[in-house]
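J.: Structure for the following, please:
(chains A and B)
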Amino acid sequence: METLDNHGLKAVALGCKYDREWIFKDLTFFVKPREALGIVGPSGSGKTTLAYCLTGIIPKNLKGEVTGGVYVDGKNILELDDKERYKIVNVVLQNYEVQIFGLTVEEDLLFVLDNLELNEKEAEKRLELALECFGLKEYRNYQVNELSGGLRQKLALASTLLMQPKYLVMDDPMANLDWRGIVELRRTLQMLKESGHGLVIMSRRLKGLEPVIDKTIVLGQKLAQQGIPDEAIDESDLTFIKDDPVIKFENVWFKYAKRMVLKGINLSIGRGQCVVLMGPNGSGKTTLAKHINGLLKPSSGRVLVLGKDTKTHGPAQMARHVGFVFQDPDRHITQESVWDEVIFGAKNLGLSYSYAEMALEALGLNHRKNEPPYRLSMGERIRLSIAGILAMNPEILILDEPTTGQDEETLSIISSMLIRMKAEGKTVLVITHDSDFALKIGDRITVIYDGNVVADGQPKRILFDRNLLEEFGLEPPSHLLIQYAKEAS
Amino acid sequence: MPRLDCRSKLIFFFSIMTLTFICKDFWCILILLAIAFATVAIKGASLVSKSLKMILPMIIVAFVVWSLLHNWSLFQYGGTGLDWQLGSFMATRLFTILMISNGFLATVKPGELMKGLSLFGVPYGVVFTTGLAFRHIYTVADDYHAIKEALSSRGLEFDKGSLIKRIKNYTFVLTPLLVKSIENAEKLVLAMKLKIFSLDKKRRNGERLGPLDILLMTTSLVMLSIAILHYWVGVI
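T.: Numbers count the residues shown, from 1 in each chain, chains lettered A, B, ... in the order given. Presented below is the predicted three-dimensional model:
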């Protein structure tokens, strides 16, 4: 048992329910200043609700029935007014876009300083310190929309920290980060700990943050099985490019907003292969994938898909052959029932619904076919978006970051489905940062860096090459991280 | 221009735009057009050519319409219906308006506009809400593109078929866009609470104006005053 002194953020038998349904209950934990607590759980396990309860947002600002209590430095959090409470405990929300109010970096930071009603001298001091600590000095006058996702996330964190909360809760801060971003986040967390902050970090997994996390609790379902499947360390060789590739990039260049995003890509993908595209954020992975279904057209060079030049075929025409599962299912759910949503693509293309039935069955959604999609959990909505694509029976399937925020059940269903598709001779392209998932499902890994293919080969050769991982900022597999830790000790 | 204070930029553009509407002399409009060109040219020759490419077809149509149909309306017809001089004047005026608008968009960032309005005493609530709208236009635009891409990848045609069908297909974009926007708005309100936002905060003072700012503001206001006195009051 931990010693419960007055200094710390403490949850005692904490529970929360919406509409008579418990999100979590009987949670007891304690985090002290200079300490980091990791709370791990898949999407839908209640991480965000817990973050809201810890900061008093529920029940003070949002509806929800809370049992037990949250105490900060000995005081019940609900007895503090909003202003006092948020100066002691604050939260960095998962959607960092909505936490940025200024049009430029400096304006956003000044927004918080204005709210704090500090004198000009103190405000200026805090502003300079925040810009310095978070490496935002050179971006001071940049428009927010000119910043990369990683920099925007940093800005959201910096502006929250300007309030100098003693305890900081972070809701899924790694959701959109690549490996280099995670390493940088780890340094920031270390710095915050050293400067006396108590941290609560909520995430699907804590891979990469282990050195700064002092203790962990698990919400909802069991943790991801981290390790390498046996077949991934099989030494047998694979033939990547068959005589008749289904996807062929011939010296493809693509320019967007004055920037060359793809720089002379040459790539061939054979039938029945599962190729994993890896690389840091902004390297051109999604841009490359969008060329396959004709969403983007090359500035020069050409892309041949099943012998068709995608320059002369639009995405709606290519949909007969290429299925594209995008991130964030909420961005494309349009129908009123699960069944209507699944058949939406097949209906547009004038196809029969026989594959829709099979897709619903394979993805475990058959029993919910008459329900409205918005009643499904996040994991189920992701499965629904995949089912909608499978209902069109495409020969090529592209999945963009399918592991983000997933629960284990969904991940395992997706893995089995991909393996079955490969066996049926379908071609699969997966974009992911998750090296363990890549090892599990990939036949081949293609690394994209700054618009170029910089490495292409068997998963184990790519992901166990330390120099390559380091040079191109790829996430090391858990197996390798364990090895690093052993070597270090 | 990029180094000027936001207040002098706002006064400059306001004056030029107002002058374009007030002036009735062809030569005055030509001078204003030259100023508008210079403003756009500051941002580079490519912006000038891009602007011309976009504007010229409209100018040609305006010239033809004003020259040939200036006496026509739905209810009456008079005169010959042909006036090349009027056509040239109105087309040049439209050209100036469009060029100066492009110059404004290219040289005044949304943040500068908000800061300028705030320093001119526009209520904080109005400035903050407008700034927030500017900020989130990008988010909504990103969502719109992502939704459209996802739907066209499921075989939905946006550029083919009859007009009715196209309009109907666009309605599919609206549902997820609306859901996303409502979600974002809810989170935005929460984020404002987390940052203890209040509408009655002390505002910051602007920096001191430089000599170039004072010169630009004075010239703009003097030109505007002369034009008002000349064309409206009839004193000069």
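J.: from here on, contacts and neighbour counts on C-alpha atoms
T.: Will do.
J.: what residues does the stretch 351-489 of chain A put near chain B?
T.: Proximity of the stretch 351-489 of chain A to chain B (Cα under 8 Å from any Cα of the partner chain) is limited to residues A:Ile389.
J.: Show me where the stretch 351-489 of chain A has its helices.
T.: Along the stretch 351-489 of chain A, counting by DSSP state H, counting those that start in this stretch, helices occupy A:354-362, A:378-390, A:408-423, A:435-441, A:459-463, A:466-472, A:478-488.
J.: Tell me which of these sits most buried.
T.: helix A:378-390 (a mean of 24; mean count of other Cα atoms under 10 Å in any protein chain shown).
J.: helices or strands next to it in the packing?
T.: Here helix A:378-390 touches strand A:322-325, helix A:338-349, helix A:354-362, helix A:408-423, going by 3 or more Cα pairs under 8 Å, 6 or more residues apart in numbering or on different chains; DSSP states H and E.
J.: from the chain's centre, how far out does the third one sit?
T.: Using Cα atoms, centre = their mean, to the nearest Å, we find the averaged C-alpha position of helix A:354-362 to lie 27 Å away from the chain's own average C-alpha position.
J.: next one: the shortest one
T.: Average the C-alpha atoms of strand A:322-325, do the same for its chain, and the two points are 19 Å apart (Cα atoms, centre = their mean).
J.: For chain A, give me the ranges with low pLDDT.
T.: A:1-5, A:221-243, A:405 (pLDDT under 70).
J.: Where do the domain boundaries of it fall?
T.: According to automatic domain parsing, chain A comprises the domains A:9-218, A:235-321+A:394-488.
J.: The longest one close to chain B?
T.: So that's domain A:9-218. Yes: using Cα under 8 Å from any Cα as the criterion, contacts between domain A:9-218 and chain B involve A:61, A:82-83, A:86, A:90-91, A:93, A:97-99, A:101-104, A:107, A:112, A:114-117, A:145, A:160, A:163.
J.: What residue in chain B comes nearest to chain A?
T.: B:Gly155 (3.9 Å; Cα to the nearest Cα).
J.: Tell me which residue lies nearest the centroid of the chain.
T.: Reading this off chain A. A:Ala175 (3.2 Å; Cα atoms, centre = their mean).
J.: meant chain B, my bad for not saying
T.: For chain B, the residue nearest the mean C-alpha position is B:Ser101 (4.9 Å; Cα atoms, centre = their mean).
J.: do you know how far the closest residue to chain B within chain A is from A:Thr310?
T.: Taking Cα to the nearest Cα, chain B has its nearest neighbour within chain A at A:Ala316, 3.9 Å off. Applying Cα to Cα, to the nearest Å, the value for A:Ala316 to A:Thr310 is 11 Å.
J.: Now the host helix or strand of the residue nearest to the centre of chain B: buried residues?
T.: Per DSSP states H and E, B:Ser101 falls inside helix B:84-107. Within helix B:84-107, the residues that qualify as buried are B:86-104, B:106-107, counting by 16 or more other Cα atoms under 10 Å in any protein chain shown.
J.: Could you list every helix and strand in contact with that helix?
T.: helix B:6-22, helix B:26-41, helix B:45-69.
J.: Please state the mean pLDDT value computed over the shortest one.
T.: The predicted model assigns helix B:26-41 a mean pLDDT of 93.
J.: And the contacts of it?
T.: Helix B:26-41 is contacted from outside by B:1, B:16, B:20, B:23, B:47-48, B:89, B:92-93, B:95-96, B:99-100, B:102-103, B:106, using Cα atoms under 8 Å, 6 or more residues apart in numbering or on different chains.
J.: swap in stretch B:191-199?
T.: A:82-83, A:86, A:90-91, A:93, A:98-99, A:112, A:115-116, A:160, A:163, B:124-125.
J.: Straight-line length of it, end to end?
T.: One end of stretch B:191-199 sits 15 Å from the other (Cα to Cα).
J.: Kindly report the same for stretch A:440-457.
T.: 15 Å.
J.: what secondary structure does A:Leu118 sit in?
T.: coil (DSSP: H, G, I helix; E, B strand; the rest coil).
J.: Run a quick neighbour tally on it.
T.: Neighbour count of A:Leu118, defined by other Cα atoms under 10 Å in any protein chain shown: 14.
J.: got it, and the one 5 residues further on?
T.: A count of neighbours around A:Ala123, defined by other Cα under 10 Å, yields 19.
J.: I'd like to check which residues are in contact with it.
T.: Going by Cα under 8 Å, 6+ apart, A:Ala123 touches A:110, A:113.
J.: Which SSE is immediately downstream of the helix or strand of chain B with the lowest mean pLDDT?
T.: In chain B, no helix or strand scores lower on mean pLDDT, DSSP states H and E than helix B:110-119, which sits at a mean of 83. Next helix or strand after helix B:110-119 toward the C-terminus (DSSP H and E): helix B:124-152.
J.: Give me the buried stretch members for that following helix, please.
T.: Buried-residue list, helix B:124-152, by 16+ other Cα under 10 Å: B:124, B:127-128, B:131-132, B:134-136, B:139-140, B:143-144, B:146-152.
J.: How about stretch A:24-41?
T.: Using 16+ other Cα under 10 Å as the test for burial, stretch A:24-41 gives A:24, A:27, A:29-41.
J.: if I look at the residue nearest to A:Glu475 when sequence neighbours are not counted, how far off is A:Gln406?
T.: The shortest distance from A:Glu475 to any residue other than its chain neighbours is 5.0 Å, reached at A:Trp179 (Cα to Cα, 6 or more residues apart in numbering or on different chains). Computed with Cα to Cα, the distance linking A:Trp179 and A:Gln406 is 18 Å.
J.: One more: A:Ser489?
T.: Distance, A:Ser489 to A:Gln406, using Cα to Cα: 32 Å.
J.: Same drill for these two, tell me which one is more crowded.
T.: The neighbour comparison of A:Ser489 against A:Gln406 (other Cα under 10 Å) goes to A:Gln406, with 20 against 6.
J.: ok, the more buried one touching A:Gly379?
T.: Yes: with contact defined as Cα atoms under 8 Å, A:Gln406 reaches A:Gly379; the gap is 6.0 Å.
J.: Which residues are in contact with each of those two?
T.: A:Ser43.
J.: Pull out the buried positions in the helix or strand containing A:Val183.
T.: In this assignment (DSSP H and E), A:Val183 forms part of helix A:179-194. Neighbour counts using 16+ other Cα under 10 Å place A:179-186, A:188-190, A:192-193 of helix A:179-194 among the buried residues.
J.: Adding distance to A:Pro245, write those out as CSV.
T.: Shown next, in CSV, are the buried residues of helix A:179-194 (distance: Cα to Cα, whole Å):
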residue, distance to A:Pro245
A:Trp179, 31
A:Arg180, 33
A:Gly181, 35
A:Ile182, 36
A:Val183, 37
A:Glu184, 39
A:Leu185, 40
A:Arg186, 42
A:Thr188, 45
A:Leu189, 46
A:Gln190, 48
A:Leu192, 51
A:Lys193, 52
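J.: Identify the farthest-apart pair in the buried residues of stretch A:24-41.
T.: Spanning the widest gap among these are A:Phe24 and A:Arg34, at 26.5 Å by Cα to Cα.
J.: if we can go back for a sec, and the direction of the helix holding B:Ser101 versus that of helix B:45-69, what angle?
T.: Computed by axes from the mean of the first three to the mean of the last three Cα atoms, to 10 degrees, the angle separating helix B:84-107 from helix B:45-69 equals 150 degrees.
J.: Much appreciated, bye for now.
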